[in-house]
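[1] just to be clear, the model below is a prediction. Sequence and coordinates:
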Amino acid sequence: MNTLEQFKQLGLSDNLLKCLKEKGFEVPSPIQVKTIPIILNGENDLVGQAQTGTGKTAAFGLPILDLIEEKSKTVQVIILAPTRELAVQISEELNSFRGTKKIHIVPIYGGQSIEQQLRKLAQGVDVVVGTPGRVLDLLHRKALKLDAINYLVLDEADEMLNMGFIDDIEEILKTTNRNKRTFMFCATMPHEILNLAKKYMGDYEFIKIESQQQTTDLTDQIYFEVEESDKFEALNRIIDFEIDFYGLIFCRTKLDVDNITSRLVDRGYDADCIHGDITQTQREKVLAKFKNRKVNILVATDVAARGIDIQNLTHVINYSLPQDAESYVHRVGRTGRAGNEGTAITFVTRKENRSMMQIQKQSKTDIRKGKIPAVKEIINIKKQWIKNELANLASEELEKIYHTLAKDLLLEHEPDEVLAALLKYTFHDELDASNYKEISDTRPAEIRGQTRLFIAKGRKDGMTKRSIVQLIVKKAKTYENKINDVQVFDTYSFITVPFQEAEIILHVFQKENPHKRSIIEKAGDRKN
C-alpha cells in the first residue's frame, strides 16, 4: 500500500491528499490514524493523550480543514496553545495544508501589535490560533466572538495548566456555544484536565498513544552556545570534523535555507536544499540526490522536511533553534535510526538559552553542552584521513606511468621533499588553518550583561513563577522573554534580567513607593 492510499483510507479529501504528497509525508502517525476518522466521521468530542512530537497538529488540523466551510467570514474554529511560538507554528502548518481551499487562518498572541490583530479579525477569519491571554483580551474587547464556532481545540492542555492558564481557559470556554465539538490533546493526564473535560465537554472518546522513547539512545544530543555571526563558521567545523558527514541542517526560514546552501556550495561542499518555494519535481530530484549520496548535506525548513524518511544520517544540525519541543523531536528523530549511531547538534545564542532549557524539559531528554571543535583538532583529523587514504591507495596496483614518474622524481630529489610537495599540491586547501575564522567565546551569564534581582515576595504571599513574571511585565512594561531563571521561595524570590531591563524595573518599583523600601532590589545590595 502506498503512502497516498494510507491517508486516503482515513477519509481525507483529494485536496488534502495532494498537499500531503507535495509535503512528502510518507506514513500517518498512530495519533493521526486514530484521531482523523473520529473527527471526520463522528459526532463526539475527543480527548487525546500522546507525547510531544507525534504529529498532533496534523491529527486534528487535517480533518478540521476538510470539515469547515470556505469564505464564511465567521470564526469557525478556535485553537488554544500555551505559547506564541506554538500558536505561530500551528497556524503555519495549517496554512501549508489548506491547499486550494479558501479559508483564512491567523495566529493571535501577546507581544504582537493588537491593532494589527484587530484589523485581521475585522476582515473575517475562519480559524483563530491563539494563546489564552490574548484570546481573552480580544473577547473582552468584543473583537472576537466564539458563540458560533464549530470546533474548539485545546493543544498541550496539560502545559497550559502548568503555566497557570486554567482560569483563562475556563473563562474562554464559557463564551462558546454548546453545540460545538471540543478536541483536547495533552502529553500527560492530570486530574485537573479530566475535570475540565467532564465539566465542559459532552460525550467524548478517549484515545491514548502509548509512550515511546522520543529520541533514540543511539543519538548523541549536544548544544553549542555560539553567537549568531559565528554559526556558519561553527557549521563548517562540525562538517569537517566528521570525515563521512551525511546530514540534515534545519533553518527557520526559506531565505536562511537558500543563504546557507549557497555559502556551503561556495566553500566547496556538496550541498542542496528543500523548502516551500521549490516545485515537487525539484524536491524529488533533490531528495533522490541526497538519498543516493550525490550530495551529503541537505538544508531544509521544518515544513519541507516533514514526513521524509532518510536512513543512515550521521548528523542532524539545528542551525536555527526549533520553535518548540515537538519540532526538536521531529528533527532529532531523523538520526540514530536502524541501529546506527547519530549526532544531533543545536546552535543556541545567548538570548535563546531559556528556550533551549524549555525544549530540554519538555522533550524529557538529555542534551549536553558541547565545545565547538578547535581548528587544530580538525587539521589533525584531516591529517589522519589523508594518511589512511594514501595507505589504501598504496596497497592497490597502480598504473606504470605513476611508478615511472615516481622513480624519476626520486632520482632528482629526496623522498621526503617529493612527498611533502605532492601533499601540498594536493591537500593545501584541506590543511590550511587560515580557512577557519575565530569563533567568539560565550561568557557566563553573570559577566555578560545580566543582573540578579531580589523580590521581597514569595510563596507565602501567593506568588508563583508566572505571577512574578506577570507582575514585572505589567508594571515595568518589559517582555516576558527578558526575564530568566525565576526562583520562588517562601518569603522571597529571584529573577535574572539584562542590565538595561534591571534599571527600568528598579526605577519603576522605587517610584511606586518613594518613601518605602522597594520590594525589588539588586540581589547583591539586599541587606537585612
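    Happy to help now that I have it.
[2] distance of Asp240 relative to Ile222?
    With distances taken as Cβ to Cβ, to the nearest Å, Asp240 is found 16 Å from Ile222. (Glycine included, C-beta is placed from N, CA and C.)
[3] of the two, which one has the most company?
    More neighbours surround Asp240 than the other of Asp240 and Ile222, with 21 against 15 (other Cβ atoms under 10 Å).
[4] residues of whatever helix or strand that one lives in that come out buried?
    According to DSSP states H and E, Asp240 maps onto helix 231-241. Residues of helix 231-241 classed as buried: Lys231, Phe232, Glu233, Ala234, Leu235, Asn236, Arg237, Ile238, Ile239, Asp240 (neighbour count, 16 or more other Cβ atoms under 10 Å).
[5] with adjacent residues omitted, what lies nearest to the second one?
    Leaving aside its chain neighbours, Phe232 sits nearest to Arg263 (6.1 Å; criterion: Cβ to Cβ, 6 or more residues apart in numbering).
[6] would you map the helices across the stretch 251-400 of the chain?
    Ranges of helices in the stretch 251-400 of the chain, per DSSP state H, counting those that start in this stretch, are 254-266, 280-291, 302-305, 325-332, 353-363, 375-394, 400-412.
[7] which other helices and strands contact the last one?
    Counting contacts by 3 or more Cβ pairs under 8 Å, 6 or more residues apart in numbering; DSSP states H and E, helix 400-412 is packed against helix 415-431.
[8] give the other helices and strands that the helix it packs on contacts.
    If contacts are counted by 3+ Cβ pairs under 8 Å, 6+ apart, helix 415-431 sits against helix 375-394, helix 400-412.
[9] could you dump the longest one to CSV, C-alpha only?
    Written as CSV, here are the backbone C-alpha positions of helix 375-394 (Å, rounded to 0.1, in the frame of the first residue of the first chain):
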residue,chain,number,x,y,z
VAL,A,375,41.0,24.3,14.3
LYS,A,376,43.9,22.2,15.5
GLU,A,377,41.6,19.2,16.2
ILE,A,378,40.1,19.5,12.7
ILE,A,379,43.5,19.6,11.0
ASN,A,380,44.7,16.6,12.9
ILE,A,381,41.6,14.7,11.8
LYS,A,382,42.3,15.6,8.2
LYS,A,383,45.9,14.5,8.5
GLN,A,384,44.8,11.1,9.7
TRP,A,385,42.3,10.8,6.9
ILE,A,386,45.0,11.7,4.3
LYS,A,387,47.3,9.1,5.8
ASN,A,388,44.6,6.4,5.6
GLU,A,389,43.6,7.3,2.1
LEU,A,390,47.2,7.2,0.8
ALA,A,391,47.9,3.9,2.7
ASN,A,392,44.8,2.4,1.0
LEU,A,393,45.9,3.7,-2.4
ALA,A,394,49.4,2.5,-2.0
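[10] residues making contact with that helix?
    When contacts are defined by Cβ atoms under 8 Å, 6 or more residues apart in numbering, helix 375-394 is touched by residues Arg237, Asp240, Phe241, Ile243, Leu423, Phe427, Glu430, Leu431, Ala433, Tyr436.
[11] so for it, mean pLDDT?
    Mean pLDDT, helix 375-394: 85.
[12] ok, now stretch 104-123?
    89.
[13] distance from the chain centre to it, please.
    23 Å (Cα atoms, centre = their mean, to the nearest Å).
[14] and for stretch 26-44?
    Mean C-alpha position of stretch 26-44 versus that of the full chain (Cα atoms, centre = their mean) differs by 24 Å.
[15] what residues sit buried inside it?
    Residues of stretch 26-44 classed as buried by neighbour count (16+ other Cβ under 10 Å): Pro28, Ser29, Pro30, Ile31, Gln32, Val33, Lys34, Thr35, Ile36, Ile38, Ile39, Leu40.
[16] give me the contact list for that stretch.
    Here stretch 26-44 makes contact (Cβ under 8 Å, 6+ apart) with 3, 6-7, 10-12, 46, 48, 50, 54-56, 58-60, 62-64, 66-67, 181, 183, 202-205, 207, 209, 307-309.
[17] filter these to the buried ones?
    Using 16+ other Cβ under 10 Å, the buried ones in the contacts of stretch 26-44 are 3, 6-7, 10, 12, 46, 48, 50, 54-56, 58-60, 62-64, 66, 181, 183, 204, 207, 209, 307-308.
[18] report the separation between the residue of the chain most remote from its centre and Val418.
    Distance from the centre of the chain peaks at Leu411, with 61.9 Å (Cα atoms, centre = their mean). Distance, Leu411 to Val418, using Cβ to Cβ: 10 Å.
[19] thinking again about what came up before, using CSV, lay out the buried residues of stretch 26-44 together with secondary structure, distance to His315 and pLDDT.
    Shown next, in CSV, are the buried residues of stretch 26-44 (DSSP: H, G, I helix; E, B strand; the rest coil; distance: Cβ to Cβ, whole Å; pLDDT from 0 to 100):
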residue, secondary structure, distance to His315, pLDDT
Pro28, coil, 27, 85
Ser29, coil, 24, 83
Pro30, helix, 27, 88
Ile31, helix, 28, 90
Gln32, helix, 28, 91
Val33, helix, 30, 92
Lys34, helix, 33, 93
Thr35, helix, 33, 94
Ile36, helix, 33, 94
Ile38, helix, 38, 94
Ile39, helix, 37, 95
Leu40, helix, 39, 93
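[20] closest to Thr343 among those?
    Ser29 (24.4 Å; Cβ to Cβ).
[21] so what's the one residue sitting closest to the centre of the chain up against?
    Geometric centre of the chain, nearest residue: Pro322, 1.9 Å, by Cα atoms, centre = their mean. Contacts for Pro322 (Cβ under 8 Å, 6+ apart) come out as Phe250, Asp302, Tyr328, Arg331, Thr346, Ile359.
[22] for Glu85, see how far away it is.
    Distance, Pro322 to Glu85, by Cβ to Cβ: 9 Å.
[23] average pLDDT for stretch 175-188?
    Taken as a whole, stretch 175-188 carries a mean pLDDT of 90.
[24] circling back: by mean pLDDT, show me the worst of the helices of the stretch 251-400 of the chain.
    Among these, helix 302-305 scores lowest, with a mean of 68.
[25] domain-wise, how is this protein divided?
    Split into domains by automatic domain parsing, the chain comes to 3-208, 219-373, 376-435, 446-525.
[26] low-confidence bits of the protein, can you list those?
    By pLDDT under 70, the weakly predicted segments of the chain are 1-4, 52-53, 211-218, 280, 303-309, 326, 336-341, 440-449, 524-528.
[27] hmm, 50 instead?
    Residues of the chain that meet the criterion pLDDT under 50 lie in 1, 213-216, 338, 444-447, 527-528.
[28] any idea how far Lys460 is from Tyr492?
    The value you get for Lys460 to Tyr492, if Cβ to Cβ is used, is 10 Å.
[29] more neighbours, these two?
    More neighbours surround Tyr492 than the other of Lys460 and Tyr492, with 19 against 10 (other Cβ under 10 Å).
[30] wouldn't Gly48 be in contact with Tyr204 here?
    No - Gly48 lies out of contact with Tyr204 (Cβ atoms under 8 Å); the separation is 9.9 Å.
[31] report the contact partners of the closest residue to Gly247 other than its chain neighbours.
    Using Cβ to Cβ, 6+ apart and skipping residues adjacent in sequence, the residue nearest Gly247 is His315, 3.4 Å away. Each residue near His315 by Cβ under 8 Å, 6+ apart is listed here: Ile238, Glu242, Phe245, Tyr246, Gly247, Leu248, Thr335, Gly342, Thr343, Ala344, Ile345.
[32] okay, and which of these map to strands?
    Assigned to strands by DSSP state E, the following of the contacts of His315 qualify: Gly247, Leu248, Gly342, Thr343, Ala344, Ile345.
[33] the second one - how many residues pack around it?
    Leu248 is surrounded by 22 other residues when neighbours are defined as other Cβ under 10 Å.
[34] having no further points to raise, I will conclude here.
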